[in-house]
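**Student:** no sequence on this one, just coordinates:
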Ligand code: CDP
């Protein structure tokens, strides 16, 4: 069982809870987890030519302490519109998704572009206000500004030509607006269990 390839793709808009669900699913099933947003955040944070940054990304870039800020999120969503940046990051993500032992990836285009063959596809969402409140509780600052920043990022991510944010046609939509973390995680785990091969 542990040698099998099995991919869980978790996509959705900013601060929808993808990371929390992805980590919990990975832990429950012993799968590896990749937060693909961190790749784009690291490219944006490097500055200079984003295509060069994407082609030469190193573990040190991913370990920067400032990748979770709102500014890093905005920079990420700008470099994420550049097709050559996305291409430079694709092979790594695909290999990660299809490694033996199972993998959970969260992002925007995992079920649509990176791994359309994923065994489980979840599109995790919540109302704008709920997502802004969750992000504000994490990062602090001005709640109205957090909401405006999320909306700006979501519309850039949805409107771009390259791998726009949208649910795969075969994704299960999980609206977590009125769910606790435990409920959302339980729903995600149930979707994985339904599709895990027997034995
Ligand atoms: O954590 P949060 O949902 O706020 O954002 P993130 O997942 O860290 O992603 C930051 C930005 O990277 C997004 O707004 C997207 O523009 C970009 N991104 C992407 O284009 N494709 C992915 N697979 C993951 C992130």
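**Tutor:** Good, I have the coordinates. Since the structure is predicted, the reported quantities are computational estimates derived from the model, not experimental observations.
**Student:** contacts, neighbours, all on C-alpha from now
**Tutor:** Noted.
**Student:** the strands in the protein, which residues?
**Tutor:** 7-11, 32-35, 103-107, 120-125, 172-175 (DSSP state E).
**Student:** Figure out which of those strands is closest to the ligand.
**Tutor:** strand 103-107 (3.6 Å; C-alpha to the nearest ligand atom).
**Student:** packing partners for the closest one?
**Tutor:** strand 7-11, helix 18-29, strand 32-35, helix 83-97 (3 or more C-alpha pairs under 8 Å, 6 or more residues apart in numbering; DSSP states H and E).
**Student:** helices or strands up against the lengthiest helix in the chain?
**Tutor:** The helix spanning the most residues in the chain, taking DSSP state H as the definition, is helix 143-159. The contact analysis (3+ C-alpha pairs under 8 Å, 6+ apart) places helix 143-159 against helix 70-79, helix 128-139.
**Student:** Do you know the pLDDT at residue 2?
**Tutor:** With respect to pLDDT, residue 2 has a value of 51.
**Student:** ok so, going back, can you list the strands of the chain in JSON lines and add distance to the ligand, mean neighbour count and mean pLDDT?
**Tutor:** What follows is the strands of the chain, written out as JSON lines (distance: least, C-alpha to the nearest ligand atom, whole Å; neighbours: other C-alpha atoms under 10 Å; pLDDT from 0 to 100):
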{"stretch": "strand 7-11", "distance to the ligand": "8", "mean neighbour count": "29", "mean pLDDT": "98"}
{"stretch": "strand 32-35", "distance to the ligand": "7", "mean neighbour count": "20", "mean pLDDT": "98"}
{"stretch": "strand 103-107", "distance to the ligand": "4", "mean neighbour count": "28", "mean pLDDT": "98"}
{"stretch": "strand 120-125", "distance to the ligand": "10", "mean neighbour count": "25", "mean pLDDT": "98"}
{"stretch": "strand 172-175", "distance to the ligand": "14", "mean neighbour count": "16", "mean pLDDT": "98"}
